[in-house]
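Undergrad: please work out how this folds:
(chains A and B)
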Number of protein chains: 2
Amino acid sequence: MTPLGGLGEVGRNMTVYEINGKLLIVDCGVLFPEEHQPGVDLILPDISKIEDRLGDIVAVVLTHGHEDHIGAVPYLLKRRENIPLIGSKLTLALVEAKLKEHRIKPVTQVVAEDERLSRGPFDLEFVAVNHSIPDALAVMIRTAAGSVLATGDFKMDQLPLDGRITDLRAFARLGEEGVDLFMTDSTNAEVPGFTPLEKHIGPVLEQVIEKASGKVVVASFSSHVHRVQQVLDAAVQAGRRVVLLGRSMVRNMKIASDLGYLNVPEGVLVDLKKSGDIPDHRIVYMSTGSQGEPMAVLSRMMNQEHQVEIGEGDTVILASSLIPGNENSVFRIINGLMKLGANVVHKGNAKVHVSGHASAGELMYCYNIVRPKNVMPIHGEYRHLIANGKVAIETGVPQNRTIIGENGTVVDLADGVARAVGQLEIDFIYVDGKSVGRVTDDDLRDRRVLAEEGFISVVTVVEPTTAHIVSGPDIHTKGVAEEARVFDSITPKIADALETAMSEGVHDAKQLQQITRRTIGRWVGTKLRRKAMIVPVVVVV
Amino acid sequence: MTPLGGLGEVGRNMTVYEINGKLLIVDCGVLFPEEHQPGVDLILPDISKIEDRLGDIVAVVLTHGHEDHIGAVPYLLKRRENIPLIGSKLTLALVEAKLKEHRIKPVTQVVAEDERLSRGPFDLEFVAVNHSIPDALAVMIRTAAGSVLATGDFKMDQLPLDGRITDLRAFARLGEEGVDLFMTDSTNAEVPGFTPLEKHIGPVLEQVIEKASGKVVVASFSSHVHRVQQVLDAAVQAGRRVVLLGRSMVRNMKIASDLGYLNVPEGVLVDLKKSGDIPDHRIVYMSTGSQGEPMAVLSRMMNQEHQVEIGEGDTVILASSLIPGNENSVFRIINGLMKLGANVVHKGNAKVHVSGHASAGELMYCYNIVRPKNVMPIHGEYRHLIANGKVAIETGVPQNRTIIGENGTVVDLADGVARAVGQLEIDFIYVDGKSVGRVTDDDLRDRRVLAEEGFISVVTVVEPTTAHIVSGPDIHTKGVAEEARVFDSITPKIADALETAMSEGVHDAKQLQQITRRTIGRWVGTKLRRKAMIVPVVVVV
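TA: Numbering: from 1, shown residues only, chains lettered A, B, ... in the order given. As a prediction, the model looks like this:
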C-alpha cells in the first residue's frame, strides 16, 4: 500500500493498494497551490508512479465528493478511460458532472453503506460516515494479506441533519472481526475535544437572517448540502426566497436536490434573472467565494462587479471555515464588504461554521471501538499525522504499530503487522491551464524570480566575421522598476565585450550570449543590487 | 490632522497634525507587503504628501520602537535629515541603531512619561503605556484648536514584568481636563474581554524547558524584551545557558540590556562561537524567525542550513503570534521541524504567547476613564476600526462623534468637534532594494503576470527595404511551461505577417513589433490558452 498524495499536505488524497499484481485505488483528489507555486491551477497526486500499471487497476473507490478526493479523476481517466469508479450515489453524480466537462463518460458502480462486493483480489465493504458533504463512505478492504479500514474524511456528528451518522456499530463489528490496518482522517487531530453539531448552525443563521433588514448574502462551500439546507430553511422561516449564485453552487445543488439529498421547500428557489421584482428584505443570496477566491461571486460583489449590489444595511454571512493560507484574501473581502456598509457575520464573530472533520476526542472513540492492530494516519500535514498518531498511541495502539508515513511510503501488511518497507520519490504534478505535468519546479523557480525581480533582455545583432555590431545592444525590461536611462552606462560595455570577443574569434551566438549575460549580470548585481532574470539574445547575421 | 498610513491596514502608522502652518508627526512606520506585491521589501506611508512641507515639520514623536511605528523614519530623514525625533530612551536607541545603517545621525530628544514640552504651536505631554516592547508612550497634544490624546499601540496588562502599567490615573486627569479627540489602538478591538497577562507565559516556558531533554530553541520577535527576559529567567531556572541568534535579536537585546530594560543574569549569555562545548541539555537558543521568514534563523534550522542542528528529542518553542498572512510559512516551519524529530510548542498547543494590544474590554475602561468628546480609531484594518468605534459608541461616545476614517482622511478639530472635512488620495510607496517609490502598481501588475504566466519573447531581424527577414523569428520563453517545438507552427506565420507588412511599406520597428505581438498573442491565447507576457523585438538592419 502506498499513498501517492495527501500525506504531509491537505489535499490530493490518493492511496494505491496492491496484491497479486492487481491495484485498487482509494480516492483521487487535487491539491490547491500555495503562493510559491505561481500560475499553477491544481496539483495532482503523482499518478506517474502507476503510469505503466494502468491495466492492473481493478477500480477507484471514491469515499466522498470533495475536490481533494475526486478532483484528479479526470486526469487519471485520460490515461485509461474505462477504469471503474466505485462510490455512493451523490459522489458519483458529482464526479460524472465533472467528467462531463472533460468529455469523459466513466464506467461506474454505485454502492451504499453495508454493501459488499469484490473487485479482483479485493473484497470491499462500505460503511456510512458523516462529513460536511452527504453520502460519504468508509471502506473495509479485505485481502489475502489482511484487512484495511480506510475512513476517508469523516466526523461523528451524533445528530446530523440527515440522520446518517458514522456507523460505529459497523466499526465495532469490523473491529471484532479484526482490522489489521486502520487509516484515519488526521485533519482535526490537533483539535482537542469534539467537533460541534452542524445542527447548531441553523438557529444562528435563522437569528441573523431574521434580524437583517436589507439583502442577505450567505457564502459557503458549493458542496456543503447541509449548510445550504439550513440556509433554505432559515430563509423560509424569515419569509425570504433564495437565489443560488455561482456555477458550482447551482450545479451541485441541482444534483443534490434531484437525488434527494437537498430538500428544497416549494417555491423558495428563484432564478437570479427573475429576482428583480423581489424586495431586498425578501431575498437571500446563497453564493460561493467564502475563501476570497478573486473570480467567485463574493469577491465580485465586493468589487461592485456583480449584478447584486451590496450596500448600507445589507448582511453578508461567511458560513465557512477559513482555510489556512487564505487569511489575506478572506480579510480583504470582510474589510471590503464592511466598507460598502454591510454587516459581515463570520466564524470569528458568530457560530456560523463547524468543521467536517473528527477532533481528537472523536478519534479516541474510533480507536477504542475498532481496536486496530496497526494504524496509519492519513489526510493531513505532518503535524496533523503526528497528532493523530499520538491519539492512537494514547488509546493503546503500540507505538511501533503506528506508522507516520509520507507520500510514497510503501507499507507492507502481512500476518497482522504493517511495516514501512520502502519510499518512492513523489513529485508534484502541476496542472496549468491545458498543460498537465509540463510545469516543472524549474519553471516555478523562474516564475518566482520573474515575480520578485522582473527580467532584463538584451538583444544584439552581430556580424562575427567583421567583428561588427549591426544593431544594439538594446535593453528591454519588465517588472524591474528602473528607468531606461539607468542602462545607458552599461550598453557600451556590452558592445565592447562582444566586439572584443568576436575579434578574438568567438563567432558562436551561444557563447556571445554568455558574454552578454556575464557583462550585464555582474553590473546589475553590483550597481543596481538586483537579481533580475537576464535574457541575452545575440542574433548572428 | 491626517493619517498618511495605518488606517485600513496593520502597519505604516503615521499621522500628521497641522496648526498655524506647522506640522507635527506622530509615528513613521513601515508596512510589510502581501503576496500580490511581489518583490516589494517594505511599504512606506505616503510621505510624498508632505514633500513640499518638510521645512514646516517641528518634530516626529515616536510612540514606541516597533517597525510599524519607526521603520519609515530613515526614508523621511533622507528627505530632511535634521527633523527632530522625540521618543523614550529605548525607542530612540532602536531608531538610532536603524539610522546608523542608513548613515544618518538624527537630532533627538529623549522624553519619559509625565514629561511635558513644547514644539512650535504643539504642547506635548507623555503618558506611560504598556505594550509588547518596553518604554512605550501615549502622547497628549495640546493646541489652540483643542487637545488630542493618541495612545500609540498599547494594552493594559495590570501586572507587567517591569511594573510599568498603562497610566490610567494620567488618562483620568487628562480626561477631567478634557480630551477633544481620542485616537486609540484598534488592533484587538474585535477580541472580546481582556488580553491575558504576559507574566503567565513564564511558568509555561519554565515547564517546557524544564521537561526538555535536548536542545531548546525559542523563537520570538526580536524586540520583545519581556519575552526574552522570561526565556532568560526560565533558562537560569533550568540550569541552561542562552545563545542569542539572529542579527536583530543580538542587536536589540544588547541595546535593551545596556539601557537597563533587560536584566541579564550573570553568566547566562554565551556567544554562539563559544557554545560548542556546552551539552545540548544545558543550552537554550533564543532566535528570530517565528513568522517563518525564509532567511531568518528558524527557517535555516528547518532547512538544515544553520550551524545549530535540530533533531530527535529537541524542543522548539514559537513564543509569538501568528500574524495573518504568514500561516503557510509558519506551518511549513512547524511541519519541517516536527519531521526533523523536534517537539514543537506553539500558541496553538500551549499558552506561550499573549498579544500586545488592548482587547475590547480594556478599550471600554479607556473610554470610560477618558470620556473623550470625539474618537477616531487608528492602527488597524477596516474591521478593527469599526469594532473599536462600536466599543466607543457603547460607552457613550455619540455615533456622529466617532470618526471611522481611512488613510488621507482630513479631520478638522474646532470648538470640541472633530469633523472629516476632506480626503487625500494616499498611495503606497514601495521600497524594493535600493529603490524607493520607483516600483509602481504597473510594475507589480507586470510582475504578477510574469509570475502567473511567464513571458514569450520573439526576436526578428529584418531588412525592410527588401521586405526580407534576416534572422528569426526566434522565440525565447521563461516560466511558460510549453516545449519549444510547440512554437514551430507559429514562427512561419509571424514571418509571413512581417514580410507582408514590409512589402506593403511598413518599415518601422515599433509597428512591426505590434504586428508580431498581434500575430503570436492571438495564437497563444487561443491555441495555448495562456496569457503569457509577449515581448516582441524587431531589429531593423
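
Undergrad: enumerate the residues of the stretch 101-250 of chain A near chain B.
TA: residue A:190 (CB under 8 Å from any CB of the partner chain). All C-beta spots, glycine's among them, are computed from the backbone N, C-alpha and C.

Undergrad: which residues of the stretch 101-250 of chain A fall in helices?
TA: Taking DSSP state H, counting those that start in this stretch to define them, one finds helices in the stretch 101-250 of chain A at A:168-177, A:201-211, A:225-237, A:247-258.

Undergrad: domains of chain A?
TA: Per the record, chain A has its domains at A:2-193+A:355-431, A:198-346, A:440-540, by automatic domain parsing.

Undergrad: among the ones you listed, which comes closest to residue B:243?
TA: Of all the domains of chain A, domain A:2-193+A:355-431 sits nearest to residue B:243, with 26.3 Å by CB to CB.

Undergrad: averaged pLDDT, that closest one. What do you get?
TA: Regarding domain A:2-193+A:355-431, the rounded mean pLDDT is 96.

Undergrad: tell me where chain A has helices.
TA: A:67-70, A:73-77, A:89-101, A:168-177, A:201-211, A:225-237, A:247-258, A:297-302, A:327-339, A:360-370, A:382-394, A:441-453, A:491-503, A:509-523 (DSSP state H).

Undergrad: list the buried residues of the longest one.
TA: Along helix A:509-523, the positions that meet the burial threshold by neighbour count (16 or more other CB atoms under 10 Å in any protein chain shown) are A:509, A:512-517, A:519-521.

Undergrad: hang on, the earlier thing: could you dump the helices of the stretch 101-250 of chain A to JSON lines with mean neighbour count?
TA: Shown next, in JSON lines, are these (neighbours: other CB atoms under 10 Å in any protein chain shown):
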{"stretch": "helix A:168-177", "mean neighbour count": "16"}
{"stretch": "helix A:201-211", "mean neighbour count": "18"}
{"stretch": "helix A:225-237", "mean neighbour count": "23"}
{"stretch": "helix A:247-258", "mean neighbour count": "19"}
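
Undergrad: residue A:450: which of these is closest?
TA: Nearest to residue A:450 among those is helix A:247-258; the distance by CB to CB comes to 31.3 Å.

Undergrad: now do that closest one, average pLDDT.
TA: pLDDT averaged over helix A:247-258 gives 96.

Undergrad: in the stretch 401-541 of chain A, what residue lies closest to chain B?
TA: At 3.3 Å from chain B, residue A:451 is the closest residue in the stretch 401-541 of chain A, using CB to the nearest CB.

Undergrad: count of neighbours near that residue?
TA: For residue A:451, the tally of surrounding residues (other CB atoms under 10 Å in any protein chain shown) stands at 25.

Undergrad: check residue A:496 too.
TA: By other CB under 10 Å, neighbour count at residue A:496 equals 12.

Undergrad: and the nearest residue to residue A:475 once chain neighbours are set aside, how many residues sit next to it?
TA: Nearest non-adjacent residue to residue A:475, counting by CB to CB, 6 or more residues apart in numbering or on different chains: residue A:487, 4.6 Å away. Counted with other CB under 10 Å, the neighbours of residue A:487 add up to 22.
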